[in-house]
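Undergrad: mind folding the following:
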Amino acid sequence: MKRLTLLRHAKSGDDGTVARDFDRPLNAKGRRAARAIGRHMRDQHLHFDAVLASPATRVAETLEEVESGYGGALSPHWERRIYLATTDELLDLVHETSDSADSLLLVGHNPGLEQLVLLLVPQGMDGARGQIEVKYPTASLAEMTFPVDRWRDVEEGGGDLVRFVRPRDLDPELGPEYG
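TA: Predicted structure coming up:
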């Protein structure tokens, strides 16, 4: 059994002080949301054998805040290919993961993460897949399991969506206007 968890970076600001999208930092609400998700991960006893993350500033800052709430280091491997990755590119990264890791956390960006969940989880699953079809908000966490022993065997429609958590599910002040 393999477990894949996808975390979208938290809300970033756009105050015009950075020239490149890659360098955009989190805003205050995004920091709060990332800490809340980290606490949720801790409270649910989530652990990861491998962590792959985009090196974009907003992802790095998201992970710092998640670690603060989680209470420990996640020790990501920074993978440039995650930044602006297509669904196929993200799936390639999953397939390349060492089979010695049973649980993988992939931290990155939309639309790639949302599309990856929709590719891997069959239609007709519970309401969480429908929520993702509507919106995969920033700092949201989706967890899927696959009845396979090798990451390269993860395939379209083969996943079971076992968790989808949005910041507003943990703190109503991080509600719909959060984005």
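
Undergrad: so L46 touches L7, yeah?
TA: No: L46 is beyond contact range of L7, at 10.4 Å (criterion: CB atoms under 8 Å). From N, CA and C alone the C-beta is placed, and that goes for glycine too.

Undergrad: average pLDDT for the host helix or strand of A142?
TA: If you go by DSSP states H and E, A142 is part of strand 141-146. The predicted model gives strand 141-146 an average pLDDT of 98.

Undergrad: now for that strand, which elements pack on it?
TA: strand 2-8, helix 28-43, helix 112-120, strand 160-165 (3 or more CB pairs under 8 Å, 6 or more residues apart in numbering; DSSP states H and E).

Undergrad: paired strands for it, with orientation please.
TA: Strand pairing for strand 141-146, using DSSP bridges, gives strand 2-8 (antiparallel), strand 160-165 (antiparallel).

Undergrad: in a markdown table: these, plus mean pLDDT.
TA: Converted to a markdown table, those look like this (pLDDT from 0 to 100):
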| stretch | mean pLDDT |
| --- | --- |
| strand 2-8 | 98 |
| strand 160-165 | 96 |
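
Undergrad: out of those, deepest packed?
TA: strand 2-8 (a mean of 23; mean count of other CB atoms under 10 Å).

Undergrad: contacts for that strand?
TA: Counting by CB atoms under 8 Å, 6 or more residues apart in numbering, strand 2-8 makes contact with 37, 46, 48, 62, 66, 94, 102-110, 113-114, 116-117, 120, 136-146, 148-151, 154, 159, 163, all of which sit outside it.
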